[in-house]
Structure formats: C-alpha cells, structure tokens
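Peer 1: please find the sequence and the predicted model below.
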Amino acid sequence: MPGRVGIFGGTFDPPHIGHLVVTQDALERLELDRLVVVPAGRPPHREAVLDPDTRWDLVCRAFEGDDRIQVSDVELRREGPSWTVDTLEWAHQELNPETLFLIVGADQLRAFGGWKAPERILSLARLAAMTRPGEAFEGTDVPHEVIEVTRVDLSSTRIRRRLDEGRSIRYMVPERLRPRVERAWSARRTQSRA
C-alpha cells in the first residue's frame, strides 16, 4: 500500500480542467504515492446541481488513465451528509497510509473551525492548503502546509452559468467529458421545465 496518500474531495459539479491541474500539482508537490479523489454524496454546506450518478461518471472519466489517482465512491455510498472526518476514518481503515494529507482550498481552510470534528481531522491527516503563486493565507491559525498550484481561473459555478447561457464550455472541461456534461445539463433543464 502507498505510504503518502492525499485525499481531494469536492462536489465536482461538474469536474473541470482546474481540478485536473491542481491534482497534478498536489501529486508532485506533496510527493504522493496515491491521490484519492472523493466526489461528495451530499455536501453538507451546498447543494449539488448534477445528480450523484452523473457526477461519479464524470469524475471517473476525468481522471481515467492516471494510475496514481483513484476515484472513490465512499461518500456517494454513505447515508447522510458527506463529512470529511468520516472519509478520513475510512481512508485510514481501508488504505492504511503512512502519511495522509487532506488537500483543501483557501476558502475551506479559513472555514475549517466550523467543520465537523476539526480536531479529529487534524489527528487523522495533515492539511495541505492549495495556494496560487504570490497568494498568502491570512486569518487562520490552523496548522497546514502550503502547496502552490497552477492558477486556473475556472470554477464549476462558472461552467454551470455558461451552460445556462447556452455558451460553450469547450476547453474548460476535458474534451472527453464535454458532450456528457452538455447532455446532463440539457436533460436537467428539460426536467426543470416539466
């Protein structure tokens, strides 16, 4: 089993190029043996727009072909909200890593005190906070490592907005995902009108 494992969770609603770029950066900067990508089943602080099965399919397709990355459905199978602490407990039981990293963004790090069982999370994993070159973290005393990631000014929210406006998402999501994302969005809009 790998010694250094990273957990990278998110709604992935939908996954996009930025997700792929930061996972590559995390693998290299943290010298990970494995990165586990975990799509949230029921995110406790936001609602997913795309259904869990669609997001699962998209995330699997987005990361296929990279044997350093494993996509886990642990949160999609779990009843109730997708709490990070539960996922880290699972990772220790199932993966038995020598070192476990939880990879988070700046906004998540700043809100960390409001998470479920933050002390337990810190006992299970080392926080690795993603920052962009020249960006500094302020306003938090949560112990963490900083990993510089490539700046990609893109978000799932922006992609959803473009889809709502009937604009192209070409080059924003991996090309092999684009038709699937567009079909899922079109089906969602058709259902909401019915």
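Peer 2: Received it, and whenever you're ready, just let me know what you need. Residues are numbered from 1 along each chain as shown.

Peer 1: what about the chain, any weak spots by pLDDT?
Peer 2: 1-2, 133-139, 192-194 (pLDDT under 70).

Peer 1: residue boundaries of the strands in it?
Peer 2: 4-10, 34-39, 69-71, 99-104, 126-131, 145-148 (DSSP state E).

Peer 1: now these as CSV including distance to A62 and mean neighbour count?
Peer 2: C-beta here means a position set from N, CA and C on the backbone, and glycine is covered the same way. Listed next are those as CSV, based on distance: least, C-beta to C-beta, whole Å; neighbours: other C-beta atoms under 10 Å:
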stretch, distance to A62, mean neighbour count
strand 4-10, 11, 23
strand 34-39, 8, 23
strand 69-71, 8, 17
strand 99-104, 16, 22
strand 126-131, 18, 19
strand 145-148, 20, 15
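
Peer 1: dump the ones you listed into CSV; add distance to R176 as well.
Peer 2: CSV is the format used below for the strands of the chain (distance: least, C-beta to C-beta, whole Å):
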stretch, distance to R176
strand 4-10, 19
strand 34-39, 16
strand 69-71, 15
strand 99-104, 24
strand 126-131, 25
strand 145-148, 27
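
Peer 1: so which of the ones you listed comes closest to Q191?
Peer 2: Distance to Q191, taken as C-beta to C-beta, is lowest for strand 34-39 among these, at 20.9 Å.

Peer 1: quick one: buried residues of the helix ranked longest in the chain?
Peer 2: In the chain, with assignment by DSSP state H, the single longest helix is helix 178-193. For helix 178-193, the neighbour count (16 or more other C-beta atoms under 10 Å) marks 178, 181-182, 184-185, 188 as buried.

Peer 1: likewise for stretch 101-117?
Peer 2: Here stretch 101-117 shows 101-104, 106, 108-110, 112, 115 as buried, counting by 16+ other C-beta under 10 Å.

Peer 1: what is the nearest of the residues you listed to V22?
Peer 2: I103 (7.9 Å).

Peer 1: quick one on the thing from earlier: out of the strands of the chain, nearest to R161?
Peer 2: Between the strands of the chain, strand 4-10 lies closest to R161; by C-beta to C-beta that is 17.9 Å.

Peer 1: with just CA atoms, put the closest one into CSV.
Peer 2: The C-alpha trace of strand 4-10 is given here as CSV (Å, rounded to 0.1, in the frame of the first residue of the first chain):
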residue,chain,number,x,y,z
ARG,A,4,1.9,9.0,1.2
VAL,A,5,-1.8,9.4,0.3
GLY,A,6,-3.7,12.6,-0.5
ILE,A,7,-7.5,13.0,-0.2
PHE,A,8,-9.0,15.5,-2.6
GLY,A,9,-12.8,15.9,-2.1
GLY,A,10,-15.3,18.1,-3.7
